[in-house]
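Asker: let's see this in three dimensions:
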Amino acid sequence: AAADMAAMEDDADTWIGWFCSQKGNEFLCEVEASFIEDAFNLYGLRSMVPHFRDCIEMILDIRSGSERDREDWSGALFEHARDLYGLIHARFILTSRGMLKMLHKYEDLEFGHCPNVACQNFPVLPVGLSNDLRVETVKLFCPRCEQVYRATTHDAPSSLDGSFFGTTFPHLLLLLRPGLAPPKSPWRYVPRIYGFRIYGRAGSKGAGVLEAIAEQERKGEDVARASTALIEAIAAVQAPLDRASEAPRLPPPAEGGGMPGTPLGLAESSELPAAGASSQTAAAAAAAAAAATGTAASSWTAAASAPAAEQLNHNGAEAGAPAAGAGDGDDDDAEDEAARHAPKKLKTSA
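Answerer: All right, here's what the predicted structure looks like:
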């Protein structure tokens, strides 16, 4: 015991021992001087802390000239020295020696217990939510419920910066020592009113019903979106077909051999040649009608002239039968009479 008291007095004579023994700094362990003296362990910290060299001399109790005065420990450089020591501390507790020191504190319950009732006072570990200074104060991580809680020391919120512990320490310690991570607690608090679980809350049957309804609503929305996409696709395919069906088409030929698309200047009804006209006259009349309408489709001309020629030949044969029995002279008179009564202009109906 006497040796322990002497060691405590010796520790109090150093800045590191004095700083870690201050009220509110119980979560910090003492960083070994050899770790601070190694420049590799301080890489990148010079740009983060002002008066870096003076702070190192204060932390390591290096003085030139007169003997060190304890009042200087809380002087103008104290704020910067505290920040620098905290950043060094976050690196030290990730080493094997630093992690061993923090493990002793954890086993001695110096960090406290988890406030969650389900964890049954399981011990916690300090953790930072950021590696940067002055972002968030230190928090407590419970390995059992894996939740983070506010840290308190002496029944007051801890003012230690979270960057003094970093975001890695508790998880690395549990990874290297799996025995420290306990099984999850099966107990879970369920809200009740007069002994009945609240409908729709966790642990009640209503919660499953509400989830099923929400899932059906999501499926209905997916079906509606798919139907809309299908309708749009069908409309996109149907539009060109509708435009093609609305295009003008060539009308069929009129009865009696008339040509399609008859101009407005022609009469509504066509005057057929008199009985006994020859097939050559019908063909010439059809060609003249095609030229008058400006139609260049020869297929329509041939289709229209063929029925007209057959009809004229049939009518001529019937009309010329009695005249053939009268004599040859009557044939000449019939031809002259037909020529005089032949139409001057062929008119077809539209």
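Asker: buried sites along stretch 120-127?
Answerer: Going by neighbour count (16 or more other Cβ atoms under 10 Å), the buried part of stretch 120-127 is 123-127. From N, CA and C alone the C-beta is placed, and that goes for glycine too.
Asker: and which of those is nearest F196?
Answerer: Minimum distance to F196 across the buried residues of stretch 120-127 is 34.5 Å, recorded for V124 (Cβ to Cβ).
Asker: so what's that closest one closest to, chain neighbours aside?
Answerer: Ranked by Cβ to Cβ, 6 or more residues apart in numbering and with sequence neighbours excluded, the top spatial neighbour of V124 is L140, at 4.2 Å.
Asker: so that neighbour: helix, strand or coil?
Answerer: Put simply, L140 is strand when judged by DSSP: H, G, I helix; E, B strand; the rest coil.
Asker: quick check, pLDDT for it.
Answerer: On the pLDDT scale, L140 is placed at 97.
Asker: who's in contact with it?
Answerer: 111-112, 114, 124-127, 148-151 (Cβ atoms under 8 Å, 6 or more residues apart in numbering).
Asker: now, the most widely separated pair of those residues?
Answerer: Maximum distance among the contacts of L140 (Cβ to Cβ): 14.2 Å, for L125 and R150.
Asker: how close does R177 sit to L87?
Answerer: 25 Å (Cβ to Cβ, to the nearest Å).
Asker: neighbour count: the two, which is higher?
Answerer: Counted by other Cβ atoms under 10 Å, R177 and L87 do not tie: L87 has more neighbours, with 22 against 12.
Asker: so what does E107 have for phi and psi?
Answerer: Note on E107: its backbone torsions stand at phi -70, psi -30 [degrees, to the nearest 10].
Asker: start at 14, not 1
Answerer: With 14 as the first residue, the last one maps to E120.
Asker: quick check: pLDDT value at it.
Answerer: We have a pLDDT of 95 for E120.
Asker: ok, and the closest non-adjacent residue to it?
Answerer: If the residues on either side of it in the chain are set aside, E120 comes closest to P136, at 7.9 Å by Cβ to Cβ, 6+ apart.
Asker: hmm, the one you found is touching L122, no?
Answerer: Yes - taking Cβ atoms under 8 Å as the definition, P136 is a contact partner of L122 at 5.5 Å.
Asker: domains of the chain?
Answerer: Structural domains assigned to the chain are 25-193, 268-363, following automatic domain parsing.
Asker: biggest helix in the protein by residues?
Answerer: In the chain, taking DSSP state H as the definition, the longest helix is helix 218-258.
Asker: could I get the average pLDDT for that one?
Answerer: The average pLDDT for helix 218-258 rounds to 80.
Asker: shaky segments in the stretch 14-163 of the chain?
Answerer: Applying pLDDT under 70 to the stretch 14-163 of the chain flags residues 14-25, 76-88.
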